[in-house]
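In: Attaching a predicted model along with its sequence, questions to come.
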Amino acid sequence: MSIKLKSILIIDDNEADNFLHKMVIDKMGITERVDIVNDGVQALEFLKNENQLTPDLIFLDINMPKMDGWEFLEHYQLLDPAQKSKAIILMLTTSENPKDRERALRIEDVKGYEIKPLEQAKIERILDVYFS
């Protein structure tokens, strides 16, 4: 795979999933950096920090403590354009509920809906669809 992103941000509170997803991404060598935050509050702080590298791709879980994925998206839409990432945001969740998928895809900033876990073939498809 010749696509190389600068940064991927994973917003998810599940440590096991985060470990697995980072391992797969690192093994593929598709990004210079993978950052992980545990909830929407941390994600907003990360994106507002002007010293951080703006992510090219954000994987966003739905169910998290403090601020879930839906709440994060509400706050994300209100960010100053300079703070708002130009990233492709994909929901990455265990929810196979069609209502969650429909809700996510009605949000302008959300470009796709993926079911966990991230595997190499799924990541290759995502890169092909959004970054080729």
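Out: Structure received.
In: Check which helices and strands the longest helix seen in the chain sits against.
Out: The residue-count maximum for a helix in the chain (DSSP state H) belongs to helix 15-28. Helix 15-28 sits against strand 5-11, strand 31-37, helix 120-131, with contacts defined as 3 or more Cβ pairs under 8 Å, 6 or more residues apart in numbering; DSSP states H and E. (Glycine included, C-beta is placed from N, CA and C.)
In: Just the buried residues of it, please?
Out: 17-18, 21-22, 24-25 (16 or more other Cβ atoms under 10 Å).
In: what is the orientation angle of the helix or strand harbouring Leu73 with strand 5-11?
Out: Under the criterion DSSP states H and E, the helix or strand holding Leu73 is helix 69-76. Inter-element angle recorded for helix 69-76 and strand 5-11: 120 degrees (by axes from the mean of the first three to the mean of the last three Cα atoms, to 10 degrees).
In: So for helix 69-76, what gets flagged as buried?
Out: Buried residues in helix 69-76, counted by 16+ other Cβ under 10 Å: 69-70, 72-73, 76.
In: Ser95 falls within a helix, correct?
Out: No: Ser95 is assigned coil when assessed by DSSP: H, G, I helix; E, B strand; the rest coil, not a helix.
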